[in-house]
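Q: Make a model of this:
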Amino acid sequence: MPTAELTNRGRAPPRESLSRPSLLTILRTTAWLGLLGFGGGVSVLGMIGHLTVLRRRWLTEREFTNTATIAQMLPGGAAANALAHIGPRLRGLPGAIVPCKGFIVPDALMMVALARGGAT
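A: I've put the predicted structure just below:
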């Protein structure tokens, strides 16, 4: 008889088994997404979903689907909107700020560094 672990492999976790990450973990994860997520906000949504639902187990599949829907309806980048919606669900008001900074600041610093290097 297959165990629950085997039958649920590759599926979203049940709500009661979700983890609550620290702000530092959220910052590291979103900075990684910001540095490696290429192709625009909608393409990064898949990476966010994989990380938050399957790998890190921060959200259920339904919660992420709702988040992605809301993120695409709002003006601005879908990935940043999704992270702004996920953060408060995980850690309250600080959770709203940390993922946005983690996602946007590394890219902004790279652009400044590239602009300064190209201006000389």
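Q: from here on, contacts and neighbour counts on C-alpha atoms
A: OK.
Q: Give me the pLDDT for the residue nearest to the spatial centre of the chain.
A: Geometric centre of the chain, nearest residue: residue 48, 4.0 Å, by Cα atoms, centre = their mean. According to the model's per-residue confidence, residue 48 sits at a pLDDT of 94.
Q: for it, helix, strand, or coil?
A: Secondary structure for residue 48, judged by DSSP: H, G, I helix; E, B strand; the rest coil, is helix.
Q: contacting residues around it?
A: By Cα atoms under 8 Å, 6 or more residues apart in numbering, residue 48 lies in contact with 33, 79.
Q: And it, how far from residue 34?
A: Counting by Cα to Cα, to the nearest Å, the separation of residue 48 from residue 34 is 10 Å.
Q: cool, and residue 68?
A: Taking Cα to Cα as the measure, residue 68 falls 17 Å from residue 34.
Q: cool, and residue 94?
A: The separation that residue 94 has from residue 34, given Cα to Cα, amounts to 19 Å.
Q: Looking at the two, which has the bigger crowd around it?
A: residue 34 (23 against 12; other Cα atoms under 10 Å).
Q: Quick one, grab the pLDDT at that one.
A: In the prediction, the pLDDT value recorded for residue 34 is 88.
Q: Contact partners for it?
A: For residue 34, the contact set (Cα under 8 Å, 6+ apart) comprises 102, 103, 104, 106, 107.
Q: quick one: low-confidence ranges for this structure?
A: Where the chain drops to pLDDT under 70, the residues are 1-16, 118-120.
Q: which residues in it form helices?
A: Using DSSP state H, the helices of the chain run over 4-7, 23-36, 41-49, 61-73, 78-119.
Q: For these, please prepare TSV with the additional fields distance to residue 17.
A: What follows is the helices of the chain, written out as TSV (distance: least, Cα to Cα, whole Å):
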stretch	distance to residue 17
helix 4-7	12
helix 23-36	18
helix 41-49	17
helix 61-73	13
helix 78-119	14
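Q: This completes my enquiry, with thanks.
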